[in-house]
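Novice: Sequence first, predicted model second:
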Amino acid sequence: MSLTNPNIPEDVRAVAANGTQLRYKLMELTAQYPDAIALGRGDPDLATPAHIIQATETAIRQQRTGLSPVAGLPELRQAVAQKLRSDNGLPADAENVIITTGGQEALFLIMQVLLDPGDEVLVPDPRYTSYDEAIDSAGGKIVLVPTDHADAFNLRPEAVEAAITPRTKAILLITPSNPTSGIVTEERLREIAAIAVRHNLVVISDEIYEKFVYSPWKHFSIGSLPDMAERTITLNGFSKSYAMTGFRGGYVSAPRNFIEAMAKVKAVTTGPAATISQWAAHAAVTGPQDAIADFHRIYSERRQLMMDGLHKMHLDFSEPRGAFFLWTNSTPTGIHATELSYLLLKEGRVLIFPGTGFGENWGGYLRISILQSTDLLQEALTRMEPIIARYRATA
Amino acid sequence: MNGPQQLALPLASRVALLADPPASTTESQAHYTDRPGILPLRKQAVDWLGKHYGLELSADEVTITCGATEARFVSLKQLVGPGKRVFAFSGSSEHIQPAATLLGQTLTHEIDDPSTIGVVYLTSADTPEQVQQVLNQVESSDCWVLWDTSVGEPTGTHPAHHPSLNNRVISIGSFSNVLPGWRVGWIAGSKAANKLRAYKQSMTICSTSISQWAALGLAES
């Protein structure tokens, strides 16, 4: 679908081809509408668990805020390694872990340390376009691996293998996926692992949404498979699991030489993660985990509400097996997703990111976040319905 | 991963050029902020530049960073074109050398040909005479000037007052002298402000929220 509506402002058009800039532009526009309901950004609206806030306050009062080692506080690295062993089956110790300023920095550092100019990284499409920037920044080349709606955007091993060239360095997995909320199932991960071994490729596994996978589906870490620890870089963080995005806490688990190299690059690019955030993260990972179960229940309810609402609008979406999003086919409206997104914001005061915010091929999709209360989600659906119906009728 | 030393991944060649990171120097608002950083803190940076250097900037030209380290890296990455070099005085080059090395950029302590210089790195620790001499050398070139206020003390001299360099001067600052572990710095000014902000966002989205509020508390006090 092409972007044809002349009423789309020039500043939106100007960034329409750049997914990341497009998302930020729409957020800027949303700020003009105080009554807008934001179903765009993946920033959990729930409160950070009280024990994490309390631990943060205690660390401040005890003045445990001095500069940390570049790779992170030893206590936190140890705690994360323990979590990776028990939750994910990864054979990690503290030296296999580096703490980063959020998942985004983790991604940036991984690419800086892994890629030489011209190296190729296989990335499932659609994708969070910050991957593009991280790969490009290191001189690498992104090679898209198609996924499709009929397969709930699960990654197909044969599509991965078909994309491999002599310059392929790594396969990037995002499970659960942003933006599709699909997962890569264990069966497929086993096949992809075999491909990685056969072609001597590194696997980067982004598991930032691991705690939010919906029954009957389960999360599985590819690094736990035999022969994979030595070639897997696992990326994760505290932001999504514990609703603490502003603390900017992420981490990477990988073979020791890679972590040491990441620390060298981190020392030069951003320095250590904020010490206070690391103590907050320490409380998160070592403290009670009840909040995650509560969050999971809340997101499940919202997910169901949004699915029911979209069904009423006769909009088809991919089964959201994890994460916070409904990847919704908007082609029945007959207009490009960027236009639809703009019109939903302007006429309905609902911010929803167009599929083109996640790759140039996705002008027929919307990514709808469920990170608002059920009341606001219901109100958003009420606002969306007449707009969707109007465009559907004229399509 | 636990145990066998032979487990290793291939590393990009750029990594081999870097020194080991420093050892630990000590014993040891919950959600994303706006991408540029919280507005009152950006205003504090503007006020500080006005008070110490007589500059008039707007908060829109300021981006909060993860310390001066990120500010320097972002600037070099975005402003030094292919084949261009980075100038710094030998006394202050230690602050910029690691980032230049990672980026494959050549550092020089002399300006023999201004057209080959992409960025001039100057600090508050450099003498006003030294600064003026360098600015005179590059005033007719198209290079950028990084003015790092996190090194040394404010002297009143600021390269942005040079009439032909005004919109090519980027100021860098930091709260690390007082709040070292909180990782708050800033980058301000120039016609490249939006470009630098976008790249910072691609690296870390935004700086730590609670650190920004702590820095604001410090600045306001």
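Specialist: Noted; the coordinates are in hand.
Novice: From here on, just use CA atoms for contacts and neighbour counts.
Specialist: Noted.
Novice: show me where chain B has helices.
Specialist: Per DSSP state H, chain B carries helices over the ranges B:39-53, B:67-79, B:97-102, B:128-138, B:193-204, B:209-220.
Novice: So which of those has the densest surroundings on average?
Specialist: Among the helices of chain B, the stretch with the highest mean neighbour count (mean count of other CA atoms under 10 Å in any protein chain shown) is helix B:67-79, at a mean of 24.
Novice: That helix near chain A at all?
Specialist: Yes - contact of helix B:67-79 with chain A (CA under 8 Å from any CA of the partner chain) involves B:G67, B:T69, B:E70, B:F73, B:V74.
Novice: Pick out whichever of the residues you listed sits closest to A:E339.
Specialist: Comparing the residues of helix B:67-79 next to chain A against A:E339 with CA to CA places B:V74 closest, at 33.2 Å.
Novice: I'd guessed the closest one sits against B:K200; true?
Specialist: Yes - B:V74 is in contact with B:K200 according to CA atoms under 8 Å; the separation is 6.3 Å.
Novice: Please identify which of the residues of helix B:67-79 next to chain A is nearest to chain A.
Specialist: Using CA to the nearest CA, B:E70 is the member of those that sits closest to chain A, with 4.4 Å.
Novice: The closest residue to the closest one other than its chain neighbours: neighbouring residues, count only.
Specialist: Nearest in space to B:E70, with sequence neighbours left out and distances taken as CA to CA, 6 or more residues apart in numbering or on different chains, is A:T270 at 4.4 Å. Residues lying near A:T270 (other CA atoms under 10 Å in any protein chain shown) number 26.
Novice: Quick one: the helices in the stretch 201-350 of chain A, in order.
Specialist: With helices called from DSSP state H, counting those that start in this stretch, the stretch 201-350 of chain A shows them at A:256-269, A:275-286, A:290-312, A:337-348.
Novice: now the ones you listed as a markdown table including distance to B:I96?
Specialist: Listed next are the helices of the stretch 201-350 of chain A as a markdown table, based on distance: least, CA to CA, whole Å:
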| stretch | distance to B:I96 |
| --- | --- |
| helix A:256-269 | 9 |
| helix A:275-286 | 23 |
| helix A:290-312 | 42 |
| helix A:337-348 | 42 |
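Novice: quick one: contacts for whatever residue of the stretch 101-250 of chain A ends up closest to chain B?
Specialist: Proximity of the stretch 101-250 of chain A to chain B (CA to the nearest CA) peaks at A:G246, 3.6 Å away. Shown in contact with A:G246 (CA atoms under 8 Å, 6 or more residues apart in numbering or on different chains): A:S239, B:Q29, B:A30, B:H31, B:Y32, B:T33, B:S207, B:T208, B:S209, B:I210.
Novice: swap the cut-off to 7 Å and go again
Specialist: Residues in contact with A:G246 (CA atoms under 7 Å, 6 or more residues apart in numbering or on different chains) are B:Q29, B:A30, B:H31, B:Y32, B:T33, B:T208, B:S209.
Novice: In a markdown table, list the helices of the stretch 201-350 of chain A along with mean neighbour count, mean pLDDT and distance to chain B.
Specialist: Shown next, in a markdown table, are these (neighbours: other CA atoms under 10 Å in any protein chain shown; pLDDT from 0 to 100; distance: least, CA to the nearest CA, whole Å):
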| stretch | mean neighbour count | mean pLDDT | distance to chain B |
| --- | --- | --- | --- |
| helix A:256-269 | 25 | 97 | 5 |
| helix A:275-286 | 24 | 97 | 5 |
| helix A:290-312 | 17 | 97 | 15 |
| helix A:337-348 | 22 | 93 | 19 |
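Novice: Quick one: closest of these to A:Q63.
Specialist: Between A:Q63 and the helices of the stretch 201-350 of chain A, the shortest gap by CA to CA is with helix A:275-286, which sits at 9.4 Å.
Novice: Tell me how many other residues crowd residue 85.
Specialist: Since no chain was named, I'll use chain A. So A:R85, with other CA under 10 Å, has 16 neighbours.
Novice: The intended chain is chain B.
Specialist: Other residues within reach of B:R85, judged by other CA under 10 Å, total 23.
Novice: same check, this time on B:K84
Specialist: Neighbour count for B:K84, taken as other CA under 10 Å: 18.
Novice: From A:I53, how far off is the closest residue to chain B within the stretch 1-150 of chain A?
Specialist: Going by CA to the nearest CA, chain B is nearest to A:L67 of the stretch 1-150 of chain A, at 3.8 Å. Here the criterion is CA to CA, to the nearest Å. By it, A:L67 lies 20 Å from A:I53.
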